[in-house]
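J.: Just to be clear, the model below is a prediction. Sequence and coordinates:
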Amino acid sequence: MRSSRRSLALIAGVSALALLSACSRAGGSDAQAPAAADQGAATEIHLGYFPNVTHAAALIGLEKGFFAKELGSTKLSTQQYNAGPDEVGALLGGSLDAAFIGSGPAINAYAKSEGAGVRLIAGATSGGAQLVVRDGISSPADLKGKTVATPQLANTQDIALKKWLADNKLTVGTGGGDVKVTNADNATTLDLFKKGDIDAAWAPAPWSSRLVIEGGAKVLVDERSLWPDGKFPTTVLVVRTQFLQQHPQTVQALIKGELDAVDWASANKADAETAVNSQLKKLTGKSLAQNVIDDSWGQILLTTDPLPAQFPQLAKDQVTAGVVKTAPAVKGFADFTLLNKVLQAAGKPAVDAAGLDQK
């Protein structure tokens, strides 16, 4: 389909975008430029995120003004995306400074910029992804000859699905014994499922919840069941390395705004759901039904801990999924200096980088 071809073209061209960043607002390619000097607070920060419950920390930070309060005179400009690969292109092209993004595309952004373009600076959400299927599918083998949707080629859920299929000795393809994987934005996936054009979807919240409640699907796999203690980084916060070097004060303020949002949500569940729903209505024109947001909220854990110990496995999963031939390097990806300053100031324990901060 056209969306798949566009996604493939984007992924193939990300390296070129990184080189073109010499013409971006940042001025100069991150991969080639020397370490930038601290220039104080930025005049403006461009932030990317998704209109998903898995991006609740971002949505609450915007709705309740936590980001604006901490950023002070720095202008906050935002851009929403459907899936991570498009956001990667914007980051490496220089049109975004920071982004709430899935763990898979975050790793790819780091790898495609040869370890220079972006840094992992905080977590956002653990959990919040499910494989939902129509009636008659009750085991992995029942997916043979069926069509499963993911939001975008090589996004976090696409990798998770293909890794799970490989683990269950299932192949992706168009033959009768294969599983056909197609890519569609989340809203389109719900329509396709209702029409009977797809049989299943590996989707983030709230779309997995909507597929169940509105589309009549059932949960075959909750991704939490595949990870130790049920925790895995669904959404993290990354920043362009050059922006981090030039404006650490602004990045620290962004992280502080996120922590304020996470802490407030933890203490105010009902109000947090309302805040997320308010943002979703502004972004999509429609709020979620209360049972949908309740179900979605039950799937996620908001946390500024990026769960760095999981990233080497996430990188290996891309190979198992057939997305890449060699696991992307993740050493040196993390810089939790500012996160730990914020946590320390709040009287909270520091996050251990689990070696992800060392080359």
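T.: Received the coordinates, thanks. Bear in mind the structure is a predicted one, so any value in this text is a computation, not a measurement. Numbering: from 1, shown residues only.

J.: List the backbone torsions phi and psi for the most far-flung residue of the chain relative to its centre.
T.: Checked against the mean C-alpha position of the chain, the extreme residue using C-alpha atoms, centre = their mean is Gly176, at a distance of 32.4 Å. With angles defined as degrees, to the nearest 10, Gly176 shows backbone torsions of phi -60, psi -30.

J.: start the count at 7, not 1, going forward
T.: Yes, from this point I'll number from 7; that puts the last item at Gly182.

J.: quick one: it and Ala359, what's the gap?
T.: Computed as C-beta to C-beta, to the nearest Å, the Gly182 to Ala359 distance reads 47 Å. (Glycine included, C-beta is placed from N, CA and C.)

J.: on that earlier part again, skipping its backbone neighbours, what lies nearest the residue farthest from the centre of the chain in space?
T.: The shortest distance from Gly182 to any residue other than its chain neighbours is 5.2 Å, reached at Gly151 (C-beta to C-beta, 6 or more residues apart in numbering).

J.: what's the distance between the one you found and Val225?
T.: In this structure, Gly151 and Val225 are 21 Å apart, going by C-beta to C-beta.

J.: before we move on, what about Gly99?
T.: When C-beta to C-beta is applied, the distance between Gly99 and Val225 equals 37 Å.

J.: Pick out whichever of these two has more residues nearby.
T.: Under the criterion of other C-beta atoms under 10 Å, the comparison of Gly99 against Val225 puts Gly99 first, with 19 against 14.

J.: give me phi/psi at that one?
T.: Backbone torsions for Gly99, taken as degrees, to the nearest 10, come to phi -80, psi -10.

J.: what pLDDT, on average, does the helix or strand in which Gly95 is found get?
T.: Assigned by DSSP states H and E, Gly95 belongs to helix 90-99. In this model, helix 90-99 carries a mean pLDDT of 94.

J.: Dig out what the residue nearest the centre of the chain forms beta bridges with.
T.: Using C-alpha atoms, centre = their mean, the residue of the chain that lies closest to the mean C-alpha position is Gly108, 1.9 Å off. On DSSP bridges, the residues paired with Gly108 through beta bridges are Thr241.

J.: Pull out the buried residues from the helix holding Gly95.
T.: With burial defined by 16 or more other C-beta atoms under 10 Å, the residues of helix 90-99 counted as buried are Gly90, Pro91, Asp92, Glu93, Val94, Gly95, Ala96, Leu97, Leu98, Gly99.

J.: Let me know the closest of these to Asp363.
T.: Leu97 (19.6 Å; C-beta to C-beta).

J.: Please tabulate the buried residues of helix 90-99 in a markdown table and include distance to Arg216 as additional columns.
T.: As requested, these are arranged in a markdown table below (distance: C-beta to C-beta, whole Å):
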| residue | distance to Arg216 |
| --- | --- |
| Gly90 | 20 |
| Pro91 | 22 |
| Asp92 | 21 |
| Glu93 | 22 |
| Val94 | 26 |
| Gly95 | 27 |
| Ala96 | 26 |
| Leu97 | 28 |
| Leu98 | 31 |
| Gly99 | 32 |
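
J.: Among those, which one lies nearest to Ser119?
T.: The shortest separation between Ser119 and any of the buried residues of helix 90-99 is 5.8 Å, and it belongs to Leu98 (by C-beta to C-beta).

J.: Now do the contacts for Trp233.
T.: By C-beta atoms under 8 Å, 6 or more residues apart in numbering, the contact list for Trp233 reads Gln316.

J.: That one and Val59, how far apart?
T.: Noted for Trp233: a distance of 19 Å to Val59, by C-beta to C-beta.

J.: same deal with Thr188?
T.: Computed with C-beta to C-beta, the distance linking Thr188 and Val59 is 23 Å.

J.: ok, now Gln296?
T.: For Gln296, the distance to Val59 - C-beta to C-beta - is 13 Å.

J.: before we move on, what about Asn189?
T.: Using C-beta to C-beta, which is the criterion applied here, Asn189 is 21 Å from Val59.

J.: backbone phi and psi for the nearest residue to Leu349 once chain neighbours are set aside, please?
T.: The shortest distance from Leu349 to any residue that is not its chain neighbour, by C-beta to C-beta, 6+ apart, is 5.8 Å, and that residue is Ala356. For Ala356, the backbone dihedrals (degrees, to the nearest 10) come out as phi -70, psi 160.

J.: show me the residues around Ala356 that make contact.
T.: Ala356 is in contact with Phe342, Asn346, Leu349, Gln350, counting by C-beta under 8 Å, 6+ apart.

J.: Narrow these to just the buried residues.
T.: Among those, the ones that count as buried by 16+ other C-beta under 10 Å are Phe342, Asn346, Leu349.

J.: wouldn't the first one be in contact with Ala360 here?
T.: Looking back up the chat, that one is Phe342. No. Taking C-beta atoms under 8 Å as the definition, Phe342 is not a contact partner of Ala360, at 10.1 Å.

J.: all strands for the chain, in order.
T.: Assigned by DSSP state E, the strands in the chain fall at 50-55, 81-86, 104-108, 124-133, 135-139, 153-156, 186-189, 206-210, 224-228, 239-246, 306-308.

J.: what about the second one, average pLDDT?
T.: Right, the one you point to is strand 81-86. pLDDT averaged over strand 81-86 equals 98, rounded to a whole number.
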